[in-house]
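Engineer: Just a sequence and a predicted model for now, questions to come.
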Amino acid sequence: MAMMPVADALGRLLADAGALETETVALHDARGRVLADDIAALRTQPPFTASAMDGYAVRAADVGGTPATLEVIGAVAAGEVFSGRVEPGQTVRIFTGAPLPDGADAILIQEDAEPAGEQAIRALEPVVAGRYLRPAGLDFAEGDVLLEKGTVLDAGHLSLAAAGNHAGLPVIRRPIVGVLATGDELVAPGNETGPGQIVASNGYGVAAIARDAGAEVIDLGIARDSAASLEARLDAALAAKCDVLITLGGASVGDHDLVRPVFTGRGMTLDFYKIAMRPGKPMMFGRLGAMRVLGLPGNPVSSLVCTHLFVVPLLETLGGRPQSQRRTVARLGAPIGKTGPREHYMRASLERDERGALVATAFDNQDSSIIRLYAAADALIVRAPDAPAAEAGETVEIVVLREPR
Ligand SMILES: Nc1nc2c(c(=O)[nH]1)N[C@H]1C(S)=C(S)[C@@H](COP(=O)(O)OP(=O)(O)OC[C@H]3O[C@@H](n4cnc5c(N)ncnc54)[C@H](O)[C@@H]3O)O[C@H]1N2
Ligand code: MOO
């Protein structure tokens with residue numbers, strides 16, 4: 001099978017992908033979720049003209065010329081309603097958040113008043129109508145659209161939805177992603193490693209990236225290089241109703257690379273296999289029923305680069321999220337050699353020069369097994385297939401993994 005260009009592979013992966021169905025979640029569970037519908041206010045806020053200060057509800061005309069003496073006919077606090085009416089020469093003691101009594105049209109703050117006998121005060125400063133009042137609907141009115149479909153919900157959105165009297169919100173279901181490591185040589189971190197064994201590491205980075213892209217991740221453990229072991233984990237992925245199954249390793253052409261044959265034997269239809277990309281060549285995409293299967297190569301950097309370039313766009317599409325990948329340009333901090341027949345994603349550090357422009361410097365060693373250099377990479381320099389060598393100072397396309405300070 002010929003190698004497929006990266007852009008074509010991404011196009012096929014996303015061709016029929018769309019946002020998953022809607023579910024309703026309580027406000028406390030809605031942070032970071034994607035709103036599935038426009039949300040309108042179920043009430044007006046504030047629902048009544050409210051005092052913004054502690055003081056006295058007055059008729060401004062009474063206190064135009066100070067000092068004026070007013071009879072205190074009652075009091076009203078937040079949560080109460082004053083049943084009477086403020087007539088000329090009268091006032092009502094009022095506290096912040098309380099509804100303005102009928103007849104009053106301003107608040108005299110208590111700092112500007114002094115007692116004048118048992119049931120009276122003296123206004124020491126003049127007040128204009130509307131002073132220290134929050135009119136009904138100042139924030140929003142019933143029926144106003146408060147939040148738009150597609151919003152990724154944050155702190156402000158959640159308080160606004162609550163103020164609009166919503167206890168829960170319709171959000172797009174998170175994609176469920178199963179992550180399955182494969183290989184007889186792998187042991188989980190924290191265990192003894194026997195002869196020929198290594199620690200399974202890829203899944204931890206892949207899961208973290210998938211979670212950042214809004215997915216719910218299920219760790220399906222490590223399958224051995226046998227049809228029975230792979231089939232058992234595939235059954236677990238199906239039972240967990242994974243929207244996407246990511247396998248790590250066993251993707252290439254060796255005798256122990258069984259993911260593709262075993263899964264096709266179980267009914268997976270293969271969409272593509274082998275991409276003109278370095279690292280990541282033996283990537284596979286197939287479908288088994290409703291489940292999408294992405295078979296990533298086992299080399300750690302290959303797994304992680306494929307996750308950035310393919311898994312993230314897919315998960316963001318399924319989750320109804322805006323695409324987060326940031327592609328931009330940078331100047332090369334050091335020369336790079338010519339590219340081979342595959343589009344090359346080179347791990348690089350990223351800095352800003354004295355003018356604030358981005359400078360990307362590729363690491364000397366681009367071996368796809370070196371996890372340390374992936375962890376150190378702030379960006380991937382994108383080189384077209386068969387691109388010529390490039391000098392320091394030349395402009396290159398980059399994918400930003402981590403914003404420089
Ligand atoms: N004859 C050929 N050999 C290989 C080719 C090829 O075209 N012809 N392609 C190479 C390329 S490119 C890649 S990438 C690798 C990918 O192979 P697999 O996907 O089959 O990966 P494995 O052989 O299972 O593993 C490769 C390497 O990575 C280690 N590994 C696997 N899983 C994990 C994990 N979860 N955590 C950490 N490390 C893992 C594994 O032990 C191997 O060292 O194939 C080339 N070969
Ligand atoms: O494509 Mo492999 O991922 O070069 O190492």
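Structural biologist: Done, it's in. Numbering: from 1, shown residues only. Ligands and ions are numbered 1, 2, ... in the order given.
Engineer: which helices and strands sit right next to the host helix or strand of T69?
Structural biologist: Under the criterion of DSSP states H and E, T69 resides in strand 68-76. Under the contact definition 3 or more C-beta pairs under 8 Å, 6 or more residues apart in numbering; DSSP states H and E, strand 68-76 sits against strand 55-58, strand 90-94, strand 120-123. For glycine as for every other residue, the C-beta is placed from the backbone atoms N, C-alpha and C.
Engineer: Go through those strands and pick out the most buried.
Structural biologist: strand 55-58 (a mean of 27; mean count of other C-beta atoms under 10 Å).
Engineer: I'd like to know which elements that one is packed against.
Structural biologist: strand 68-76, strand 90-94, strand 106-109, strand 120-123.
Engineer: and if we set it to 6 Å?
Structural biologist: In terms of contacts (3 or more C-beta pairs under 6 Å, 6 or more residues apart in numbering; DSSP states H and E), strand 55-58 is packed against strand 90-94, strand 106-109.
Engineer: What's the mean pLDDT across the host helix or strand of F272?
Structural biologist: Using DSSP H and E, the element containing F272 is strand 269-273. Averaging pLDDT along strand 269-273 yields 95.
Engineer: now stretch 21-34
Structural biologist: pLDDT averaged over stretch 21-34 gives 98.
Engineer: elements contacting the lengthiest helix in the chain?
Structural biologist: Taking DSSP state H as the criterion, the chain has its longest helix at helix 227-239. Applying 3+ C-beta pairs under 6 Å, 6+ apart, one finds that helix 227-239 makes contact with strand 216-223.
Engineer: which bits of the stretch 201-350 of the chain sit near ligand 2?
Structural biologist: The interface of the stretch 201-350 of the chain toward ligand 2, taken as C-beta under 6 Å from any ligand atom, is made up of R278, P279, G280, K281, P297, N299, S302.
Engineer: ok now do T339, which residues does it touch?
Structural biologist: T339 sits next to R383, A387 when contact means C-beta atoms under 6 Å, 6 or more residues apart in numbering.
Engineer: and if you look at M4?
Structural biologist: F272, I275.
Engineer: ok so, going back, I'd like the helices and strands packed on strand 55-58 laid out as JSON lines, including distance to L186 and mean pLDDT.
Structural biologist: What follows is the helices and strands packed on strand 55-58, written out as JSON lines (distance: least, C-beta to C-beta, whole Å; pLDDT from 0 to 100):
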{"stretch": "strand 90-94", "distance to L186": "70", "mean pLDDT": "98"}
{"stretch": "strand 106-109", "distance to L186": "70", "mean pLDDT": "98"}
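Engineer: and ligand 2, which of the ones you listed is closest to it?
Structural biologist: strand 106-109 (69.7 Å; C-beta to the nearest ligand atom).
Engineer: How far away from the center of its chain is that closest one?
Structural biologist: Chain-centre distance of strand 106-109: 44 Å, with C-alpha atoms, centre = their mean, to the nearest Å.
Engineer: Could you name the helices and strands sitting against it?
Structural biologist: Judged by 3+ C-beta pairs under 6 Å, 6+ apart, strand 106-109 is in contact with strand 55-58.
Engineer: How about residues contacting the strand it packs on?
Structural biologist: Strand 55-58 is contacted from outside by T91, V92, I94, L100, P101, A104, A106, I107, L108, I109, Q110, A113, using C-beta under 6 Å, 6+ apart.
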